[in-house]
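1. quick one: sequence plus predicted model below, questions after.
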Amino acid sequence: MKRSSGRYLIPILILILLAVGLLTYRILHREPQVEQETSVTEGLLSQREVLLYFASQDGFSLVTEAREVPEAEEAQLVMEIIQALEAGPHVSLSPILPPGTRLLGYSQQDGVATLDFSKELVVAHPGGSMSELMTVYGLVNTLAVNFPHIRKVRILVEAQPVETLKGHVDLRQPIAADFRFARPSTEDEASTLQENP
């Protein structure tokens, strides 16, 4: 009797050890998978659609382009939006910022936003009254449409006030948004966006 009970004891112990091992393996490998799924879901939910103003092809008006940027606190979100403007349009529009322009700093107080740009904003700007208007109001309108509490924008270059970019638009005081320069996007521009998401 003792012999036969010993014969069954070893296989039962092996089965118990295998079950415990399998259970431990599942517990240890289930948690990272849940965390990964959560982070992917959060990544999908943390995008914000913004409107960017670029110049029309003829250079006489501003046209919006919808873009998604990562959701963030206001200062970081402004940086993301300006970087998107710096990168240029995805549709058949013209950029409003000269090549190499970088946003160096941002602050906001009492509805007045201050944008501090690198020297390229002035040095690399092509000049001309319409081009200057497109740059200034493209920036101001973009901030105003995405942040309704921002009423005006002050533009600095290398932390210093500037009178104008190239002698046309007075920048000595903060600039209010002006949507008279804006127009809806055309079907051609919209179709280009669908082709190049």
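-> Everything's here; your move.
2. tell me the domain ranges of the protein?
-> Taking automatic domain parsing as the criterion, the chain consists of the domains 1-45, 47-195.
3. most tightly surrounded among the ones you listed?
-> Of all the domains of the chain, domain 47-195 carries the top mean neighbour count, a mean of 16, counting by mean count of other C-beta atoms under 10 Å. The C-beta positions use only the backbone N, C-alpha and C, and glycine is treated the same way.
4. okay, the residue nearest to the spatial centre of the chain: pLDDT?
-> The residue lying closest to the centre of the chain (C-alpha atoms, centre = their mean) is Val69, at 2.9 Å. What the model reports as pLDDT for Val69 is 93.
5. Asn141 now?
-> 97.
6. isn't the residue nearest to the centre of the chain right up against Met79?
-> No. Applying C-beta atoms under 8 Å, one finds Val69 not in contact with Met79, separated by 9.5 Å.
7. what sits against Thr164?
-> The contact partners of Thr164, taken as C-beta atoms under 8 Å, 6 or more residues apart in numbering, are 132, 170-171.
8. got it, and Gly111?
-> 149-152.
9. what pairs with the residue nearest to the centre of the chain across the strands?
-> Assessed by DSSP bridges, Val69 has beta-bridge partners Arg48.
10. strands of this protein, residue ranges please.
-> 47-55, 62-70, 103-109, 112-117, 152-157, 160-161, 175-176, 182-183 (DSSP state E).
11. which one of those strands lies closest to Arg26?
-> strand 47-55 (33.6 Å; C-beta to C-beta).
12. so in this structure, where's the weakest helix or strand by average pLDDT?
-> Taking mean pLDDT, DSSP states H and E as the measure, the chain has helix 187-195 as its least confident helix or strand, at a mean of 46.
13. which residues of the chain score low on pLDDT?
-> Flagging of the chain using pLDDT under 70 yields the residue ranges 1-6, 29-45, 186-197.
14. what about 90?
-> Residue ranges of the chain with pLDDT under 90: 1-46, 91, 181, 183-197.
15. rewinding a little: dump the strands of the chain to CSV, plus distance to Gly88.
-> CSV is the format used below for the strands of the chain (distance: least, C-beta to C-beta, whole Å):
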stretch, distance to Gly88
strand 47-55, 8
strand 62-70, 10
strand 103-109, 15
strand 112-117, 16
strand 152-157, 19
strand 160-161, 26
strand 175-176, 22
strand 182-183, 18
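16. with just CA atoms, put stretch 108-128 into CSV.
-> Below are the C-alpha coordinates for stretch 108-128, written out as CSV (Å, rounded to 0.1, in the frame of the first residue of the first chain):
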residue,chain,number,x,y,z
GLN,A,108,1.1,85.0,-21.7
GLN,A,109,-0.3,87.6,-19.3
ASP,A,110,-3.8,89.2,-19.2
GLY,A,111,-4.7,88.0,-22.7
VAL,A,112,-1.4,89.2,-24.3
ALA,A,113,0.9,86.5,-25.6
THR,A,114,4.6,87.2,-26.1
LEU,A,115,6.4,85.2,-28.8
ASP,A,116,10.2,85.4,-28.8
PHE,A,117,11.7,84.3,-32.1
SER,A,118,15.2,83.7,-33.4
LYS,A,119,16.8,86.3,-35.7
GLU,A,120,15.8,84.4,-38.8
LEU,A,121,12.3,85.8,-38.5
VAL,A,122,13.8,89.2,-39.6
VAL,A,123,17.0,88.2,-41.4
ALA,A,124,15.5,85.6,-43.6
HIS,A,125,12.2,87.3,-44.2
PRO,A,126,11.6,88.1,-47.9
GLY,A,127,10.1,91.5,-47.2
GLY,A,128,7.2,93.2,-49.0
